[in-house]
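> I'll drop the sequence and a predicted model, then ask my questions.
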Amino acid sequence: MGKVHYKTYYHIVWSTYRRMPVISIEKMKVISNAIVRKCKELGCGVYALGGWNDHFHILITIPPKYSVSNVVKMLKGYTSRIVNKKFGSDGLFRWQRGYSVFTVSANRIGYVIKYISNQQKHHKNQ
């Protein structure tokens, strides 16, 4: 089989369990670093990461060999294990079931990157 070319951008959002405001700035950095590591392992391209104390956004491309749901499941599972291990949460940190996903056209990528990158500022102003 020949090389597969794809450029499908996904804006994915998921929340903490019961939308509890448990993501500190330090945890946000740990979550972001873990997602970058896992995405690199999976061959996903990461364009933006960000969030607030009760949810997380990511803009990525996903190789066609994976479904969006499988990638989200792997990212959520991996990040919750990392956070619990690093902060000694003993399984108390977890994500809510489900997620939202939106495809993004190439000409809107800059807008979505800016939106995701400015989550802290956006929510402080609300």
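Looks like it arrived, so ask away. From a predicted model like this one, the values you see are computed outputs, not experimental measurements.

> distance of the residue nearest the centre of the chain from Val71?
What sits nearest the mean C-alpha location of the chain, by C-alpha atoms, centre = their mean, is Ile58, with 3.9 Å. With distances taken as C-beta to C-beta, to the nearest Å, Ile58 is found 10 Å from Val71. Where you see a C-beta, it was placed from the backbone N, CA and C, and this is true even at glycine.

> Tyr111 now?
Distance from Tyr111 to Val71, by C-beta to C-beta: 23 Å.

> Over to His5?
19 Å.

> Counting neighbours, go ahead and name the busier of the two.
Neighbour comparison, His5 and Val71: the larger count goes to Val71, with 21 against 6 (by other C-beta atoms under 10 Å).

> surely that one meets Thr61?
No. With contact defined as C-beta atoms under 8 Å, Val71 does not reach Thr61; the gap is 10.3 Å.

> Residues that sit against both of the two, list them.
Common contacts of Val71 and Thr61 (C-beta atoms under 8 Å, 6 or more residues apart in numbering): Cys44.

> Which residues outside the lengthiest helix in the chain are in contact with it?
In the chain, ranked by residue count with DSSP state H as the criterion, the top helix is helix 68-87. Helix 68-87 is contacted from outside by 10, 12, 14, 27, 30-31, 34-35, 38-39, 42, 44, 58, 60, 62, 89-95, 99, 101, using C-beta under 8 Å, 6+ apart.

> so where does His57 fall, helix or strand?
In this assignment (DSSP states H and E), His57 forms part of strand 55-61.

> let me redo that: Ser89
Going by DSSP H and E, Ser89 is not in any helix or strand.

> Distance of the residue lying closest to it once chain neighbours are set aside relative to Tyr47?
The shortest distance from Ser89 to any non-neighbouring residue, by C-beta to C-beta, 6 or more residues apart in numbering, is to Val83 (6.4 Å). Spatial separation of Val83 from Tyr47 under the definition C-beta to C-beta is 23 Å.
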